[in-house]
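Asks: Here is my input, please return the structure:
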Amino acid sequence: MDKHIVVVTGLVKYQDKFLIVKRNPDMEMHPDKWIFPGGKVTPGEDLFQALKREIKEETNLEIEDKKEFISDFTFTRLSGIQTIGFCFLVKAKHNKISLNQEELSEHTWISPKEVEKYNIVEFLKAEIKKASENHKSF
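Replies: Got it, this is the predicted structure:
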């Protein structure tokens, strides 16, 4: 049986801005790139439990108990393991960030118009656009 990893990412919204975080340069996946917070789903967790845990671990943010599905994606890690991911739009309860320095070096809140200013993982740009256009009432 092939091995795979399931991950979740959160397009975290606070007021009219979205949170992006910058990965440390020594990380295996997407080193030195801007991404959405998230990570691996552990056995026994559902996707939303994992998302809430990962966002809290990486940024110390609490998110509301509401989510909207944005997209699913797949990619192959450098180790050859297939990764299946799900991205959800969520709202932060506050904007006070405390980064996990082992994984992340910076954070910022951006508007959809500002996305091109950052070295963001390419497919995430479409997710910001989709969320801002199709989920305006969120």
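Asks: Which residue ranges of the protein form helices?
Replies: Assigned by DSSP state H, the helices in the chain fall at 47-59, 122-134.
Asks: Give me the distance between the last one and the centre of its chain.
Replies: Between the centre of helix 122-134 and the centre of its chain there are 12 Å (C-alpha atoms, centre = their mean, to the nearest Å).
Asks: buried ones in it?
Replies: By neighbour count on 16 or more other C-beta atoms under 10 Å, the buried set for helix 122-134 is Leu124, Glu127, Ile128, Lys130, Ala131, Ser132. (Glycine included, C-beta is placed from N, CA and C.)
Asks: Generate CSV for those, with distance to Val21 and pLDDT as supplementary columns.
Replies: Converted to CSV, the buried residues of helix 122-134 look like this (distance: C-beta to C-beta, whole Å; pLDDT from 0 to 100):
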residue, distance to Val21, pLDDT
Leu124, 11, 86
Glu127, 14, 89
Ile128, 14, 90
Lys130, 19, 87
Ala131, 16, 87
Ser132, 18, 85
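Asks: out of those, who's nearest Phe18?
Replies: Nearest to Phe18 among those: Ile128, at 5.8 Å, using C-beta to C-beta.
Asks: Measure how buried the closest residue in space to Lys125 that isn't next to it in sequence is and give me the count.
Replies: In space, and not counting its chain neighbours, Lys125 is closest to Val115: 5.3 Å by C-beta to C-beta, 6 or more residues apart in numbering. Neighbours of Val115 under the rule other C-beta atoms under 10 Å: 19.
Asks: before we move on, the earlier item: could you export the buried residues of helix 122-134 as TSV, including distance to Lys96?
Replies: Shown next, in TSV, are those (distance: C-beta to C-beta, whole Å):
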residue	distance to Lys96
Leu124	23
Glu127	24
Ile128	22
Lys130	27
Ala131	22
Ser132	23
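Asks: show me what contacts the closest residue to Lys117 other than its chain neighbours?
Replies: In this structure, Lys117 finds its nearest non-sequential neighbour in Ile110, 7.7 Å apart by C-beta to C-beta, 6+ apart. Ile110 makes contact with Lys17, Phe18, Ile20, Lys117, Tyr118, according to C-beta atoms under 8 Å, 6 or more residues apart in numbering.
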